[in-house]
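> what's the 3D shape of this:
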Amino acid sequence: MSTNSTSHESSNSGSAADLSGGWSGFTTSFFTNLIIGVVILVVFYFLRMVYRTFYCARVIKANGEESIVVTSPLEWIRYTYRFPLESVFESRGIDAYMHLQFLYLCIKFLMIILVFGIGVLLPINYTSYNKDLEVVHNVTLNSLDTVSIASVPEGSPRLWAHTLSIPLFTFLAYYMFANTYKIYLDKRIRWMSKHHSRNYTVLVKEMSTSINTAQEMNDFFQPHFANNAIISCHIVYREESLRQLWNKHRSIQRKLDRAVAECQASKHAPTRAIGWRPGCLGGAVEPTIPYLENKLVKADQTLKTAQREASEKKDFTNRSVKTRFSKITPYNLMKWTNRTSTTGFITFSRMSYASQAVRCVFSKDNGKYQVFSAPETKNIKWKNLTTPRKERLIRRIIVSVIFFLLFCFWTFPVTAISAISNIENLSKVPVLNWMVDIVELNSFLRGLVEGYLPSLALVAFMGLLPLIIRGVITLNKEDTKTIFYHKIFTTYWAFLVVNVFLVVTISGSVLSILFKILEDLTLSQILTLFGSSLPTQSSFFINYILVQSLTSVPLDIVRPIELIVGIIRAARESAPGEKLEAISREDPTKLNCVKYARELLIFVITLSYSTLSPFIIPFGLLYFLIDFFVSKYNHIYSFCPKYQSGGTVWPLVFNRLCVGLAIYQVTALGMFILKAFIPGIVISFPMPFITLFYWWRTIRRYKRVCSVLPLNICPEEEFIGNEFIKTYEDPVLNISKLDISHV
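Numbering: from 1, shown residues only. I've put the predicted structure just below:
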């Protein structure tokens, strides 16, 4: 055994090659990230007291401006930790609840496999000795790599422990995933059965072009239901001109409200310049409030004329005529509003009717009369609802092509980042010899170059993707904000898995033995090298997880970009209520779509290397523990969502959990093939197919009942009152009384 230990700790002398950076990179990355994380949390402690309206927005909105925010160094931590998840569902919504349930699932799963990984697999790896690497291939495993499966020789009986971990971890994952799905089903049904307008309403798309009015829509659907089942129908209008008038009206109203608030706060009437020269430079000025009042009255009269014509007009004979007018007149407005879309909403008197409508088929043409559960009104992108199906299809094809090209481009810089994570790779490049010589002078510099900087560069580089993805997906013109952000989540997750996990794993393994492969080696020798190099990539991913855990996640609680943008928005407002709304109005769904993708990536990385290098499991667990607390604080204090998606992100998360599980099984299968361990190959080979069957059975069992409220539990009470009749009316037709009496 002493010989083994000596070999583990042997220095890299002569021409021996290292497969990874080892302890120097790990320790440097750990302490660097730890210091940065502590500094971020200290900064957050003071920012939290200064910007209460941002970091405690929900508490202030709920309790008033004079609410007391806990400033004790420990009290708010204790309160966040003890806040029950059931209370999160009741007071913060199902979206926040399912996000925390997902993180809780990851924590429980990693805590369980940590026992087997650290207690069984790690000692087996560390006490093994792969003699062929040093004697035959002149490759030295450093002490960090010896805790991986790379130190176990090919065909060793010790690989039985790694083989048994595959079904053990797999069936544990099956049980925990299904249990979380059951929790989601219970909360989803409770959410769908609440007395809310969305649960009485359905969205109808791709109606026949012969349906032009709300009455015609009612006449088509009413015969399929009981008398008085439908209490209102609303058509969504297609023309952008009316929507532009409506947006103009809102913009002027907003400016007037700001001017009035500024006047009340400063006791001084604001003025505006007349002409091109500002008033401070001697230009003529006039009072802002009377000017905006007159402008608003004119815009209001024009808009209401257009709205009235749109609501009352019944002749749609000219719907095929393209109308493009530069001059706004009542006659032109009437013609602009003559075109409706094939999309509308139906509000029923009972939830059961809405549930039946979603389940029914109203046309033999599968593409016609598509009925869906209605999203909340603040979740709808009304303008995008009018996009024709063919146009949407063309847009999605274009977006897919753009993403394919982006996938191809993004692979090259990620591969380059993976290459510079090992000094041995850099030393083979003549132009970089000077850098290698400098780095070798100091162990801290070597650890910084091999451990911290590549991981930080990868995190920062991949952090740019959501901005690009968001811009591209805008071309899709999705109907709701939820679908829009879900597209960002699924696309970003695919980028992360392919570029961060697969590309780094494969390219890092190949590059670390590339110059050995160029020697005159047999296929068997190449497979041996590759089988020993693949597990050592866990060193890079451990450093990557450390950057995410101790730097990225603490930044999630500070949210510096959102804070700066909120401060800029609030500076434009004068009224206290408007300032609070401006600084805290960031959509949590937009932030969580990126977080979900990142969290799933960490889970895939940790699970995939849990058998190959169990030393990674504690750091994956550390990530989710910190992320759970940060996310829980944000949901309790900071996030103020204006709508709920109904937790619809969970089915997407579940699908990707199953994909991650399959990736883990395929990775283990490949490892056993490289290690030439037949029992491991036999046991691992059917696992991806079992996972596919498990995914299919779970989706078949839960998906439909989670999407539509079951009829046997629909509330029997009929809808009473008229509060929902106009809830889903197109906002551009919402004729409200103009009130400027507050001036």
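> Can you get me a residue count around residue 78?
Other residues lying near residue 78 total 11 when counted by other C-beta atoms under 10 Å. (Each C-beta comes from the backbone N, C-alpha and C, glycine too.)
> swap in the one 10 residues further on?
For residue 88, the count of nearby residues is 20 (other C-beta under 10 Å).
> got the buried residues for the strand or helix carrying it?
In the assignment (DSSP states H and E), residue 88 maps to helix 85-92. By 16 or more other C-beta atoms under 10 Å, the buried positions in helix 85-92 come out as 88-89, 92.
> got the contact list for the residue nearest in space to the middle of the chain?
Geometric centre of the chain, nearest residue: residue 593, 1.3 Å, by C-alpha atoms, centre = their mean. Residue 593 is in contact with 466, 485-486, 488-489, 492, 649, counting by C-beta atoms under 8 Å, 6 or more residues apart in numbering.
> So which of those residues are in helices?
Counted as lying in helices by DSSP state H, out of the contacts of residue 593, are 466, 485-486, 488-489, 492, 649.
> list the helices and strands the helix or strand harbouring residue 683 packs on?
Under the criterion of DSSP H and E, residue 683 resides in helix 678-684. Helices and strands touching helix 678-684, by 3 or more C-beta pairs under 8 Å, 6 or more residues apart in numbering; DSSP states H and E, are helix 159-192, helix 649-674.
> tell me the SS of residue 269?
Counting by DSSP: H, G, I helix; E, B strand; the rest coil, the backbone at residue 269 sits in coil.
> now residue 286
strand.
> Equivalent analysis for residue 209, please.
Residue 209 ends up coil, using three-state DSSP.
> Output the helix holding residue 683 as CSV, nothing but the C-alphas.
Taking Å, rounded to 0.1, in the frame of the first residue of the first chain, the C-alpha atoms of helix 678-684 are listed here in CSV:
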residue,chain,number,x,y,z
ILE,A,678,-18.3,-6.6,-18.8
PRO,A,679,-20.7,-6.7,-15.8
GLY,A,680,-20.8,-2.9,-15.8
ILE,A,681,-21.7,-2.9,-19.5
VAL,A,682,-24.4,-5.4,-19.1
ILE,A,683,-26.1,-3.7,-16.2
SER,A,684,-25.7,-0.1,-17.5
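> Not counting it itself, show me its contacts.
Contacts for helix 678-684 (C-beta under 8 Å, 6+ apart): 159-160, 162-164, 166-167, 665, 668-669, 671-673.
> Which one (most neighbours) among those?
residue 668 (28 neighbours).
> could you give the angle of the helix holding residue 88 to helix 159-192?
Per axes from the mean of the first three to the mean of the last three C-alpha atoms, to 10 degrees, the angle that helix 85-92 makes with helix 159-192 is 40 degrees.
> For helix 85-92, name the packing helices and strands.
So helix 85-92, by 3+ C-beta pairs under 8 Å, 6+ apart, packs with helix 94-116.
> I'd like to check the angle between the helix it packs on and helix 649-674, please.
For helix 94-116 against helix 649-674, the angle by the same axes, to 10 degrees is 20 degrees.
> Make a markdown table out of the helices and strands packed on helix 678-684 and add distance to residue 114 and mean pLDDT.
Shown next, in a markdown table, are the helices and strands packed on helix 678-684 (distance: least, C-beta to C-beta, whole Å; pLDDT from 0 to 100):
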| stretch | distance to residue 114 | mean pLDDT |
| --- | --- | --- |
| helix 159-192 | 11 | 95 |
| helix 649-674 | 15 | 92 |
